[in-house]
Every structure is written in structure tokens, then in C-alpha cells.
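Chemist: Sharing a model that was predicted from the sequence below.
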Amino acid sequence: MTQPIYPFWTHDALSKALNDLIESHSRDAVQDHGEFRLVVTGGTTPPLIIQQLQHNTAIDFSKWHIFWADERCVPWDHPDSNYGQVKKAMLDHLPLQPHQIHAIHPDLARPEKAEQAAEEYEKQLKQFFKNSAPCFDLVLVSMGPDGHFCSLFPGHPLLEEHNRWVAAITDSPKPPPERITLTYKLLNQAKQIVIIAVGKPKAYMVSKVLSSDYADGWPTQRLEAPTCWYIDADAARFLNQ
């Protein structure tokens with residue numbers, strides 16, 4: 001499946017594009033089924049999302065529900081916590097209520113609780129979707145310099161998980177090793193996935209992933225849901241060379 005690429009020369013332009021995209025998907029989702037289901041992750045993505053979104057008065061934030069693409073099994077106040085990163089950079093600036101935030105259970109945010117955390121988060125999702133076919137309206141994730149997204153790493157056996165909605169990983173190539181992640185079973189039912197890549201460290205992998213026929217498939221190449229890329233000038237520097 002073709003994955004369109006949208007390069008932006010400045011972070012302001014990228015942030016504006018994300019704001020416009022989120023507003024459009026939020027409006028369409030609320031009109032269609034009364035709520036907007038957004039998936040986010042930590043890292044560089046939340047600051048880009050919130051830059052203009054926090055000033056957007058055209059969005060009905062009361063209809064939002066926010067979920068996590070993956071989470072590191074560390075306490076919420078740990079620097080590696082995706083929840084902590086998203087809360088500080090994004091949630092604290094939006095008019096959202098606790099019932100709209102669907103995060104890993106804080107008591108299970110521990111390295112030794114990875115499998116329980118995955119099971120509990122899958123249970124949360126099934127309760128939200130009432131055991132029907134899940135469908136997120138928009139998934140905003142970033143890709144790492146090693147080619148991973150969510151906590152799905154190149155060549156890892158977890159890429160072959162086809163039954164679970166949420167899976168635990170205890171041997172992540174990138175620390176911390178204990179994490180939980182949404183799987184392709186869930187991701188491939190999303191209405192739209194946007195992969196965000198910013199910075200020079202991402203440039204080589206962006207070029208490789210978007211031009212490669214790697215037999216086993218880079219993790220992003222296995223996505224079957226409509227997927228596109230929003231990248232900055234630094235991440236795009238090796239494209240078309």
C-alpha cells in the first residue's frame with residue numbers, strides 16, 4: 001500500500017498541518033459516531049501536536065477520547081513514561097476530563113508488571129469498544145532512528161502477533177526493555193495513521209524505509225490501514241537522492 005509523504009520545511013508548518021488534520025478528523029468522527037478516538041505516543045510528537053491545537057476553538061474537545069499507542073513500564077512520573085510526556089506536553093493544555101483519558105493502569109506501570117499491564121489495557125479497550133470491532137479515528141505516532149514505531153521493532157517476533165490487541169515486550173532493543181504496545185490487529189483497523197518523523201537522526205531510516213523492499217518488512221511497511229508520513233526538512237534530507 002502506498003504511503004504518501006508530506007514534507008514540511010518548518011516545525012510551525014508541520015504543527016499547523018497536524019492541527020488542521022486533527023480538526024478535520026475530529027469533526028468528521030463526531031458527526032459520524034459522536035466521538036473522536038485519538039491515539040498518541042510520547043517523544044517529539046506531543047509538543048508538535050499541541051503547539052497550535054491548544055488554541056483551536058473549532059474543536060469540541062468534550063467528544064474526545066485519547067489512547068496510547070505504546071507505553072514504557074515505568075511509573076508515570078518517570079522521564080521515560082509516555083503518559084508523563086503526553087500529560088506534560090499535551091493533556092495539561094487541553095480541556096479534557098479524566099474519563100476521556102485511557103492510559104495504562106498506574107499500579108501496573110512497573111517493569112515486572114508488563115504482561116499484566118498489556119492484559120489490563122486490552123481489557124480497557126474491549127470495554128470501551130464494547131467487544132465490537134475497534135476502530136481508532138486517528139493514530140499519530142513517530143518512527144525511531146532504528147525504524148521502530150509504537151514498540152514494534154524491526155525483526156522482533158512481536159511483529160507476528162496476530163491475536164492480541166495489546167502485547168507486552170520485555171526485551172525491547174531500546175531501553176527501557178519492558179513495554180506494552182498496540183499490535184497490527186488493532187492498528188490496521190484505524191481510519192488513518194500518520195507517522196511523524198523529525199530531525200536529522202531520522203533521515204537515514206526515513207529514506208531506507210520509504211525506498212526499501214526489505215523482505216521481512218520494516219514495521220511501518222506492515223501497516224494496512226491508510227497511512228501517510230509528516231516529516232520535517234531534516235528527516236527528508238536523503239529522500240529522492
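Modeler: In hand now; what should we look at?
Chemist: Any stretches of the chain with poor pLDDT?
Modeler: Within the chain, the stretches with pLDDT under 70 are 1, 131, 213-216, 241.
Chemist: what are the ranges of the strands in it?
Modeler: 5-8, 36-40, 64-68, 70-72, 101-102, 138-142, 166-169, 179-182, 193-197, 227-232 (DSSP state E).
Chemist: Of those strands, which is nearest Gln116?
Modeler: Between Gln116 and the strands of the chain, the shortest separation by CB to CB is 8.4 Å, and it involves strand 166-169. C-beta here means a position set from N, CA and C on the backbone, and glycine is covered the same way.
Chemist: Show me what that closest one packs onto, helices and strands only.
Modeler: In this structure, strand 166-169 packs against helix 114-128, strand 179-182, with contacts taken as 3 or more CB pairs under 8 Å, 6 or more residues apart in numbering; DSSP states H and E.
Chemist: Show me the contact partners of the last one.
Modeler: For strand 179-182, the surrounding residues in contact (CB atoms under 8 Å, 6 or more residues apart in numbering) are 39, 69-73, 104, 114, 117-118, 121, 150-152, 158, 165-169, 172.
Chemist: List the residues that contact the residue nearest the centre of the chain.
Modeler: When CA atoms, centre = their mean is applied to the chain, the residue found nearest the centroid is Val141 (3.1 Å). Residues touching Val141, when contacts are defined by CB under 8 Å, 6+ apart, comprise 39-41, 45, 69, 149-150, 193-196.
Chemist: Thanks again, I'm all set now.
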